[in-house]
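S.K.: pasting a predicted model and its sequence here:
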Amino acid sequence: MPVEAAPDSPVARLGVAEGSVAGVPATCEHQGVRSGDDAAGTRFGVGAGYAVYRGPSVDGSVHRHAAFQIAIAAGPGETGEVAMVDSGGLQHRAPALLVPPMLRHRLLRTQDLLVFFVDPHCAFADRLRERRGTGITAAPELRGLAEDDVRPAGARPSDELDPRLLAAMDIVSRQDLPMPELAAAVGLSPQRLRALARAQLGLPLVRWRLWLRLRRAAEALREGCPPAEAAVLGGFADQAHFTREMGEMIGLTPAAVAPVVRPARHGSGAARDVHGEGTRER
């Protein structure tokens, strides 16, 4: 049964109740591993309804993704800022920035960055929808957000989205159905289901399907699979397709992501950078 978040936590300020956690199955070499860490504190993790990265970042390429993004300046003190540039070339700076799904942007260099990707159909996304603007939004109230704040509400379905849309997204996560069959399965016409997804999620379901494939492929990379095998496990036609779509959605290549998401070997002296070209020596 859900319990209320602590009154002074970022979750309480968002109005989200805490609940239970759902697991993600492992498939490859590192069985049961849900995150990668190194001695320098760089970390990537995937949970039910979200993914999280903590570490350095360099200037990224323009991209758009099918999830909410919360980018937080995670260094010591209260004066740090994270910076992004939107598709119009306008720069945004704040202790924390909120990016809605499918908004083109690029992240600028940040020494210590905390990033959450929040799936648009989970309960945590409900409160983000209330706060989003038409573009990148400063969200200083999220400066202290932690993974423990996101995890419970990330595991629960949205209370605001149409149940038929939630049912369609659940089917998409398990089956690759053509749109007419998917719409019929939830009692809607294809046109109505498309309109519902765009109105309530801010993205077409085909982009949500692609986001799920990227997530599965990223999990395969984390568990030790090479990029070509991760592409197949994720549902991509080949490694080139995987690389192209990952670049479009998160501005990175599988080669850059793989060293970050895999658990570090003991004694590693490299600091991983998820927005750079793999690793850099300290």
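M.R.: Nice, thanks for sending it over. Numbers count the residues shown, from 1 in each chain.
S.K.: going forward, measure contacts and count neighbours with C-alpha atoms only.
M.R.: OK.
S.K.: low-confidence stretches in the protein?
M.R.: Residues of the chain meeting the criterion pLDDT under 70: 1-41, 58, 77-79, 263-282.
S.K.: wait, what's in contact with Ala230?
M.R.: Applying Cα atoms under 8 Å, 6 or more residues apart in numbering to Ala230 gives the contacts 216-218, 220-221.
S.K.: need phi/psi at the closest residue to Val115 other than its chain neighbours.
M.R.: Counting by Cα to Cα, 6 or more residues apart in numbering, Val115 lies nearest to Ala71, which is 4.5 Å off, once chain neighbours are set aside. In terms of degrees, to the nearest 10, the main-chain angles of Ala71 are phi -110, psi 130.
S.K.: dump the contacts of Ala230 into CSV; add distance to Pro227 as well.
M.R.: Formatted as CSV, the contacts of Ala230 follow (distance: Cα to Cα, whole Å):
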residue, distance to Pro227
Arg216, 12
Ala217, 8
Ala218, 9
Ala220, 8
Leu221, 7
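S.K.: picking up where we left off before, neighbours around the residue nearest to Val115, how many?
M.R.: The tally of other residues near Ala71 (other Cα atoms under 10 Å) stands at 29.
S.K.: ok so, going back, which one (most neighbours) among the contacts of Ala230?
M.R.: Greatest neighbour count in the contacts of Ala230, by other Cα under 10 Å, goes to Leu221: 29 neighbours.
S.K.: can I assume that residue is in contact with Ala228?
M.R.: No. Counting by Cα atoms under 8 Å, Leu221 does not reach Ala228; the two are 9.7 Å apart.
S.K.: ok, back up a step: ok, the contacts of Ala230 vs Ser189, which is closest?
M.R.: Ser189 lies nearest to Arg216 out of the contacts of Ala230, by Cα to Cα, at 28.5 Å.
S.K.: so that closest one: helix, strand or coil?
M.R.: At Arg216 the chain is in helix, as set by DSSP: H, G, I helix; E, B strand; the rest coil.
S.K.: now the spatially closest residue to Val232 that is not a sequence neighbour: how far from Trp208?
M.R.: Distance criterion Cα to Cα, 6+ apart; nearest residue to Val232, sequence neighbours excluded, is Asp238 at 6.5 Å. As judged by Cα to Cα, to the nearest Å, Asp238 and Trp208 stand 19 Å apart.
S.K.: of the two, which one has the most company?
M.R.: In this view Asp238 and Trp208 are compared by other Cα under 10 Å, and Trp208 has more residues nearby, 22 against 15.
S.K.: the host helix or strand of that one packs against which elements?
M.R.: Following DSSP states H and E, one finds Trp208 within helix 205-222. With contacts taken as 3 or more Cα pairs under 8 Å, 6 or more residues apart in numbering; DSSP states H and E, helix 205-222 sits against helix 163-174, helix 227-234, helix 239-250, helix 254-261.
S.K.: for stretch 110-128, which outside residues touch it?
M.R.: Residues from elsewhere that reach stretch 110-128, judged by Cα under 8 Å, 6+ apart: 14-16, 49-58, 66-75, 82-83, 101, 150, 153-161, 166, 201.
S.K.: and the end-to-end length of it?
M.R.: 23 Å.
S.K.: do stretch 132-143 as well
M.R.: Stretch 132-143 has an end-to-end distance of 16 Å (Cα to Cα).
S.K.: check stretch 82-100 too.
M.R.: By Cα to Cα, one end of stretch 82-100 lies 16 Å from the other end.
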